[in-house]
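# please work out how this folds:
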Amino acid sequence: MTARRLSQAISEGDGISVLVEVRDGDGALAAEEQGAKGVVLRDHADGVREATQLPLLIYGPPPQEASRSAADAVVLAAEDESERLEELVGQAAELGLECVVRVRDEEDLERVLEHLDPEIFLLCAEGAEDGQAHLDRVLELLPDVPAGKLAIAELAGASRAEIIELERAGVDAVLVTAGDVGPLVGEAPPEV
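Numbering: from 1, shown residues only. The predicted structure follows:
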């Protein structure tokens, strides 16, 4: 089976890439058909890998040997202690997985950059202040991501207008929940 690189999928082509959180193989197939560049799992789900050729990103820790061929990349939380995070990054590398480091605030980002040199960041809005829009929180984190690194915005219910704003700001991809993602990816993929 050929390796599917998340970093390559979200950096190639024009515009922002859409990653879709799915729950099963049917959701993964629908996301692929609607133009998603990758699928995301928070929990194990049978049939997802068989349903799509898109890169599969799972929320960490890195999977055990039995499921290693299913995942292509893993999300690791920056709030883990630095030593633990370094250990998890090492485990992921041994399994051939790309690491996506999820950061909530400037302190997470600073600590990760001090101890690791990840290629991909997942910017989440958990650190948003009361009343602050999630989009605004993600955009506040973006300037602190070093040039040359990939930034994914975690915005579950993003609208097309928000995705356009993220793209203009320089975000490489957006992670959304399953649904009708066709309108979010912009132009429809060509019919085959």
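# show me where the protein has helices.
6-11, 25-33, 48-51, 82-94, 106-115, 134-141, 160-169 (DSSP state H).
# got CSV for those, with mean neighbour count, mean pLDDT and distance to residue 175 too?
Glycine gets a C-beta too; all of them are placed from N, C-alpha and C. CSV is the format used below for those (neighbours: other CB atoms under 10 Å; pLDDT from 0 to 100; distance: least, CB to CB, whole Å):
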stretch, mean neighbour count, mean pLDDT, distance to residue 175
helix 6-11, 20, 94, 10
helix 25-33, 20, 93, 11
helix 48-51, 19, 91, 15
helix 82-94, 15, 90, 18
helix 106-115, 16, 92, 17
helix 134-141, 20, 93, 11
helix 160-169, 16, 94, 11
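# which one of those helices lies nearest to residue 185?
Residue 185 sits nearest to helix 160-169 of all those, at 8.4 Å, using CB to CB.
# how much does that closest one deviate in direction from helix 134-141?
Angle of helix 160-169 versus helix 134-141, following axes from the mean of the first three to the mean of the last three CA atoms, to 10 degrees, is 10 degrees.
# counting by contacts, list what helix 160-169 packs against.
Under the contact definition 3 or more CB pairs under 8 Å, 6 or more residues apart in numbering; DSSP states H and E, helix 160-169 sits against helix 134-141, strand 173-177.
# contacts only, for residue 110.
Residue 110 makes contacts with residue 144, as judged by CB atoms under 8 Å, 6 or more residues apart in numbering.
# one step back: okay if I get the helices and strands packed on helix 160-169 as a markdown table plus distance to residue 44?
Converted to a markdown table, these look like this (distance: least, CB to CB, whole Å):
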| stretch | distance to residue 44 |
| --- | --- |
| helix 134-141 | 27 |
| strand 173-177 | 18 |
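# among those, which is nearest residue 63?
strand 173-177 (18.8 Å).
# run a quick neighbour tally on residue 117.
10 (other CB atoms under 10 Å).
# returning to that earlier point: which one of the helices of the chain lies nearest to residue 181?
Using CB to CB, the nearest of these to residue 181 is helix 25-33, at 6.0 Å.
# tell me what angle the closest one forms with strand 173-177.
Put simply, helix 25-33 runs at 140 degrees to strand 173-177, going by the same axes, to 10 degrees.
# how far does helix 25-33 sit from its chain's centre?
16 Å (CA atoms, centre = their mean, to the nearest Å).
# which strands or helices does it pack on?
Looks like helix 25-33 contacts strand 38-41, helix 48-51 (3+ CB pairs under 8 Å, 6+ apart).
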